[in-house]
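**Q** Here is the input, now give the coordinates:
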Amino acid sequence: MAQTTTASVERGRGTRARRIGIIVVLLALLVVVAAAGLLLGSRSLPPAAVWSALTDPTGSDLDFIVLSLRVPRTILGIAVGVALGISGALMQGHTRNPLADPGLLGVSAGAALLVVVSVYALGITSLYGYVWFAFVGAFGASVLVFMLGTLSPDGPTPVTLALAGVAVSAFLGAMTTALVLGDRQTLDVFRFWSVGALAGRGGDIVVQIAPFLVAGVVLALANAPGLNLLNLGEDVARGLGANVGMIRVIGLVAITLLAGGATAACGPIGFVGLVVPHVCRFFTGPDHRWLVPTSGLAGAVLLLGADVVGRLVARPGELQVGIVLAVVGAPFFVLLVRRRKLASL
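**A** Numbers count the residues shown, from 1 in each chain. As a prediction, the model looks like this:
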């Protein structure tokens with residue numbers, strides 16, 4: 001018995017050490033891709049020039065490129081990547097659906113509809129104007145999905161939430177299509193937003209969405225232990241004293257804040273919330289106390305890395321990050337569908 005206990009303790013220490021090592025590696029990779037984001041682009045800059053712009057700016061053109069363009073873009077990429085990675089992990093955990101991503105709650109569809117309405121009905125064509133409409137639309141769609149999911153006698157179960165999300169997304173998508181086909185200006189603005197990009201977003205966008213993302217991260221970390229209990233089964237969770245309804249509500253609010261803020265700022269960016277949690281789960285296991293922060297860091301690394309790749313492959317222009325991630329994520333999506341073990345939660 002003593003030997004068994006000692007072996008269990010040793011395994012637990014080894015698992016914890018491995019998880020800490022993964023976080024350290026992800027932090028190092030994040031520093032590398034962030035540095036690449038500052039150095040590389042349509043015009044590559046020497047490290048000395050970037051360092052000078054960061055520490056002792058003189059107002060030169062290089063300083064403008066670094067401080068006004070690349071630094072805000074890098075910070076936004078980190079924030080959005082963290083938000084999408086964490087919201088994807090929460091979404092898959094709450095729905096128990098290995099193919100779930102934040103868009104399953106209608107976040108992207110709701111944001112898209114309100115962007116189109118703000119352009120079509122109010123004539124708002126500035127990103128800084130319709131970003132708030134996008135967030136309101138994302139939040140409203142999530143609330144609607146949750147309300148529809150609660151109509152079931154068993155309450156908001158993973159199945160009812162997924163079905164409600166699909167139905168709401170289809171309905172809102174049809175309304176969006178009807179509006180954009182009727183007005184050319186609306187179509188042009190919507191096309192710019194819907195491609196999913198970090199380009200063209202300044203520091204003001206980061207400031208606008210930061211409170212929502214910070215609140216979402218805090219709620220997500222608080223939700224992780226309860227989500228571990230839900231994965232044991234709702235009856236078991238209730239038997240252990242967990243408030244299942246409150247855990248669901250906190251998780252859905254966190255998903256809405258994170259995915260809604262990210263989508264409002266950069267448009268719908270696919271595959272981060274789908275791919276990242278599966279990769280992280282392979283290394284950390286199903287414990288959401290580790291999976292949630294690891295998915296956030298990995299999401300930031302993936303998004304910034306894809307952004308850098310998009311700048312390099314189409315010089316002097318660039319491919320938007322949403323396009324690059326679609327190229328990377330589509331094969332992984334097919335792999336998830338074909339490999340049952342990889343797709344299981």
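**Q** Where does pLDDT dip in this structure?
**A** 1-12, 152, 154-156, 336-345 (pLDDT under 70).
**Q** At the geometric centre of this protein, which residue sits there?
**A** Nearest to the mean C-alpha position of the chain, counting by CA atoms, centre = their mean, stands Leu84 at 0.8 Å.
**Q** Distance check, the closest residue to it other than its chain neighbours against Gly88.
**A** The shortest distance from Leu84 to any residue that is not its chain neighbour, by CB to CB, 6 or more residues apart in numbering, is 4.1 Å, and that residue is Val272. C-beta: built from backbone N, CA, C; applies to glycine. Taking CB to CB, to the nearest Å as the criterion, Val272 is separated from Gly88 by 7 Å.
**Q** With Gly226 instead?
**A** Relative to Gly88, Gly226 is positioned 18 Å away (criterion: CB to CB).
**Q** Would you enumerate the residues in contact with the residue nearest to the centre of the chain?
**A** Contact partners of Leu84, counting by CB atoms under 8 Å, 6 or more residues apart in numbering, are 102, 258-259, 262, 269, 272-273, 276, 299, 303.
**Q** Looking at those residues, state which has the most neighbours.
**A** The residue in the contacts of Leu84 with the most neighbours, by other CB atoms under 10 Å, is Ala262 (36 neighbours).
**Q** Looks like that one contacts Pro268 (just checking).
**A** No. Counting by CB atoms under 8 Å, Ala262 stays clear of Pro268, with 9.2 Å between them.
**Q** Packing partners of the one helix or strand Met246 maps to?
**A** Secondary structure assignment for Met246, by DSSP states H and E: helix 244-266. Here helix 244-266 is seen to pack against helix 71-95, helix 107-122, helix 127-149, helix 203-230, helix 234-239 when contacts are counted using 3 or more CB pairs under 8 Å, 6 or more residues apart in numbering; DSSP states H and E.
**Q** roughly how far out does it sit from the chain middle?
**A** How far helix 244-266 lies from its chain's middle: 10 Å, per CA atoms, centre = their mean, to the nearest Å.
**Q** cool, and stretch 199-218?
**A** Using CA atoms, centre = their mean, the distance from the centre of stretch 199-218 to the centre of the chain it belongs to is 12 Å.
**Q** Can you give me the buried ones in that stretch?
**A** 201, 205-206, 208-209, 212-213, 216-217 (16 or more other CB atoms under 10 Å).
**Q** Next: stretch 51-60.
**A** Within stretch 51-60, the residues that count as buried by 16+ other CB under 10 Å are 52-53.
**Q** Can I get it in PDB? Just the C-alpha atoms.
**A** Extracted as PDB, the C-alpha positions of stretch 51-60 are listed here (Å, rounded to 0.1, in the frame of the first residue of the first chain):
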ATOM      1  CA  TRP A  51      14.900  48.000 -29.900                       C
ATOM      2  CA  SER A  52      15.700  51.600 -30.400                       C
ATOM      3  CA  ALA A  53      12.100  52.400 -31.300                       C
ATOM      4  CA  LEU A  54      10.900  50.600 -28.200                       C
ATOM      5  CA  THR A  55      13.400  52.200 -25.700                       C
ATOM      6  CA  ASP A  56      14.400  55.500 -27.300                       C
ATOM      7  CA  PRO A  57      12.000  56.600 -30.000                       C
ATOM      8  CA  THR A  58      13.000  59.600 -32.100                       C
ATOM      9  CA  GLY A  59       9.900  60.000 -34.300                       C
ATOM     10  CA  SER A  60      11.400  58.500 -37.400                       C
END
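**Q** what does that stretch rub up against?
**A** Contact partners of stretch 51-60, identified using CB under 8 Å, 6+ apart, comprise 62-63, 65-67, 71.
**Q** does Gly200 count as helix, strand or coil?
**A** Going by DSSP: H, G, I helix; E, B strand; the rest coil, the secondary structure assigned to Gly200 is coil.
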